[in-house]
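**Student:** Got a sequence here, can you build the structure:
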Amino acid sequence: AQASWLRRIYRSLPTKLNALIWLVHYLVTRWPLKGVGLKEWVKSKGEVAFVSYLYNLVPNASEAGKFESRYWAHLPDSLQRDNCKTNWLHMYVKGPLTPTAAATVIRQFNAVGQADQAHVTLDTFLGRRVIFRALSDWRLLHRAGTKLQNIFITEPNASINVWPLFKDDWHQSLHGVEALSHLINLNLLEAALGALPAQRTGVYLQENQGWEPSLVHAWNVAGHGRLIGSPNASVRFWDLRYFFDPRSYHRNTKNNLPLPDLVAVNGSAAMRGYLIGNYPASQLLEVEALRYLSLADYKIGEPKIFRPKGAPLVVLVMGDYLSHNTQLQMRLLEQAATLLPKDTVFVVKPHPSCPVNPADYPELRMTVTMDPVSSLLTKCDVAYSSSLTAASLDAYCVGVPVISVLDPSQLNMSPLRGCVGVVFVSTAEELAIALKDRKPLNPDKNNFFKLDPKLASWRRLLLE
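**Tutor:** You can find the predicted model right below:
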């Protein structure tokens, strides 16, 4: 109650004051990361750099101080065996394995990496110079935004006043927390990449988040070599982060859209998505889907773990990273459960960023687990996914029937949109019927992802 009360007061404050309060909170929470790993970074002998999130780490490895990330599978180990030294710039995200001890984790990664891997966080490069430059940039951006805003508001020939439609977004993007946080990231990236010895190649997780254009700019300003974007998950039809006006790809103006030199797509589905969006084919390369390599171990049609005839239906519930979507999904399931046999088993695998509390759904008997999806899929009869989660692809590609929530108020953002055999539901009745009448799938997983555990394409791209 107190938190919500404080949050309401915070939201009622002027946009610029909100941004300054955010900055103070950011500096207090991130200052302990200042300088952590800096020595290893500036003295690194590696020529291949990765920019990733300090998130989705493999628990057992992290507890032993070894860097393993589900984003990158065994690529780091493979490069290490090939005597390729690497540098890792991590964007800190609070998670189960890094709640507050990110500094300790980075120190352990550097110690275990034994000079083959250098690890830092972006906040390693915090300092007075970065803060001063970000605030200076913010002042200039505020001034420019105010001038442009006046043009929009006083447009003489406009038949419709569209200003109220994007007023809030405008203020956040040019004056508020969004503006200041992106400028902090820009100056941190310039400091990080400026301190790094010359790199032959850089790779980053590409989702076209706000910090990524800053990375492209800072990388080029620092004079490093080729930069590669790596879309880690699926390229969904309605996900406009992956698509731009085709004219943006022409590099003939002073203010070109910041883009990597190459995009390493994770299979034929992603390749088709980029080409449909008119991305230049010469700047696309197909490589192994690191996040989905476990799918290579499955054979479609192979029996799952033996379960006695007449055993209860086992439903694997795969949550979303957005709380609204997860709540919609769980409420629908809670209602549908009354229409299903009482012995139905519900196993809930929430997204790490959006925990599910069984107490919030008292009418639903369920087990919550954080076990890997790959192991849970062998034990279930059907997968019930949120509207966004990429984990639904895992289920589909191994032949587990998939039922996905379709929010009537939103676009169908599922990565399985258009896939034969996938069922989309909007009501509890539709969900109950789909669970009872589930039908087997016979998908072609290779039509989605490139799945070579030897990582021949990645190794050729980074080593040759």
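
**Student:** Return the residues in contact with residue 40.
**Tutor:** Contacts for residue 40 (Cβ atoms under 8 Å, 6 or more residues apart in numbering) come out as 110, 115, 118-120. All C-beta spots, glycine's among them, are computed from the backbone N, C-alpha and C.

**Student:** Make JSON lines from those and add neighbour count, pLDDT and distance to residue 376 to it.
**Tutor:** Shown next, in JSON lines, are the contacts of residue 40 (neighbours: other Cβ atoms under 10 Å; pLDDT from 0 to 100; distance: Cβ to Cβ, whole Å):
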{"residue": "110", "neighbour count": "22", "pLDDT": "94", "distance to residue 376": "33"}
{"residue": "115", "neighbour count": "12", "pLDDT": "82", "distance to residue 376": "38"}
{"residue": "118", "neighbour count": "26", "pLDDT": "96", "distance to residue 376": "35"}
{"residue": "119", "neighbour count": "26", "pLDDT": "97", "distance to residue 376": "30"}
{"residue": "120", "neighbour count": "27", "pLDDT": "97", "distance to residue 376": "34"}
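
**Student:** Which member of those residues is positioned nearest residue 269?
**Tutor:** Residue 269 has its nearest neighbour among the contacts of residue 40 in residue 119, at 31.9 Å by Cβ to Cβ.

**Student:** Doesn't that closest one lie inside a strand?
**Tutor:** Yes: looking at residue 119 with DSSP: H, G, I helix; E, B strand; the rest coil, it is inside a strand.

**Student:** count of residues packed around the nearest residue to residue 343 once chain neighbours are set aside?
**Tutor:** Closest residue to residue 343 apart from its sequence neighbours, by Cβ to Cβ, 6 or more residues apart in numbering: residue 312 at 4.0 Å. The burial count assigned to residue 312 is 13, neighbours taken as other Cβ atoms under 10 Å.

**Student:** pLDDT weak spots in the chain?
**Tutor:** Within the chain, the segments meeting pLDDT under 70 span 1-3, 96-97, 99-101, 152-158, 299-308, 444-446.

**Student:** Point to the residue nearest the middle of it.
**Tutor:** For the chain, residue 207 is the residue whose C-alpha lies nearest the centre (Cα atoms, centre = their mean; 6.7 Å).

**Student:** ok, now which ones touch the residue nearest to that residue when sequence neighbours are not counted?
**Tutor:** Leaving aside its chain neighbours, residue 207 sits nearest to residue 241 (6.1 Å; criterion: Cβ to Cβ, 6+ apart). Residue 241 makes contact with 207-209, according to Cβ under 8 Å, 6+ apart.

**Student:** Am I right that residue 241 sits in a strand?
**Tutor:** No: going by three-state DSSP, the assignment for residue 241 is helix, not a strand.

**Student:** Could you report the separation of it from residue 247?
**Tutor:** Noted for residue 241: a distance of 18 Å to residue 247, by Cβ to Cβ, to the nearest Å.

**Student:** Endpoints of stretch 439-455, how far apart?
**Tutor:** Taking Cα to Cα, to the nearest Å, stretch 439-455 runs 34 Å from one end to the other.

**Student:** Give me the buried positions along it.
**Tutor:** Using 16 or more other Cβ atoms under 10 Å as the test for burial, stretch 439-455 gives 441, 443, 445, 448-451, 455.

**Student:** now stretch 225-232
**Tutor:** For stretch 225-232, by 16+ other Cβ under 10 Å, it's 227-232.

**Student:** can you list contacts of that stretch?
**Tutor:** Contact with stretch 225-232 is made by 71, 198-207, 212, 216, 219-220, 242, 259-266, 270, 287, 290-291, 461, as judged by Cβ under 8 Å, 6+ apart.

**Student:** Spell out for me the PyMOL command that would select the buried members of those residues.
**Tutor:** PyMOL command restricting the contacts of stretch 225-232 to the buried ones, with burial defined by 16+ other Cβ under 10 Å:
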select buried, resi 71+199+201+202+203+204+205+206+207+212+216+219+242+259+260+262+263+264+265+266+270+287+290+291+461
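
**Student:** The contacts of stretch 225-232 in strands, which ones?
**Tutor:** 201-205, 262-265 (DSSP state E).

**Student:** picking that back up, tell me which residues touch the residue nearest to the centre of the chain, please.
**Tutor:** Applying Cβ under 8 Å, 6+ apart to residue 207 gives the contacts 231-232, 241.

**Student:** how close does the nearest residue to residue 246 once chain neighbours are set aside sit to residue 239?
**Tutor:** Leaving aside its sequence neighbours, residue 246 sits nearest to residue 278 (Cβ to Cβ, 6+ apart; 3.9 Å). Remark: distance between residue 278 and residue 239 (Cβ to Cβ) = 16 Å.

**Student:** neighbour count winner among those two?
**Tutor:** Neighbours were counted for residue 278 and for residue 239 using other Cβ under 10 Å; residue 239 has more, 17 against 14.

**Student:** wait, doesn't that one sit right on residue 412?
**Tutor:** No: contact criterion Cβ atoms under 8 Å: residue 239 and residue 412 do not qualify, at 11.1 Å.

**Student:** And the contacts of the helix or strand harbouring residue 326?
**Tutor:** Secondary structure assigned from DSSP states H and E places residue 326 in helix 323-336. Contacts to helix 323-336, defined as Cβ under 8 Å, 6+ apart, come from residues 317, 319-320, 346, 348, 350-351, 354, 356, 360-361, 363-364, 384-388, 405, 407, 425, 427-429, 431-432, 435.

**Student:** mind redoing it with 7 Å?
**Tutor:** Helix 323-336 has contacts (Cβ atoms under 7 Å, 6 or more residues apart in numbering) with 317, 319-320, 354, 356, 361, 363-364, 384, 386-388, 405, 407, 428, 431-432.

**Student:** Please compute how far it lies from its chain's middle.
**Tutor:** Offset of helix 323-336 from its chain centre (Cα atoms, centre = their mean, to the nearest Å): 22 Å.

**Student:** between the helix or strand just after that helix and helix 323-336, how big is the angle?
**Tutor:** Counting by DSSP H and E, the next helix or strand C-terminal to helix 323-336 is strand 345-349. On the basis of axes from the mean of the first three to the mean of the last three Cα atoms, to 10 degrees, strand 345-349 is oriented at 180 degrees to helix 323-336.
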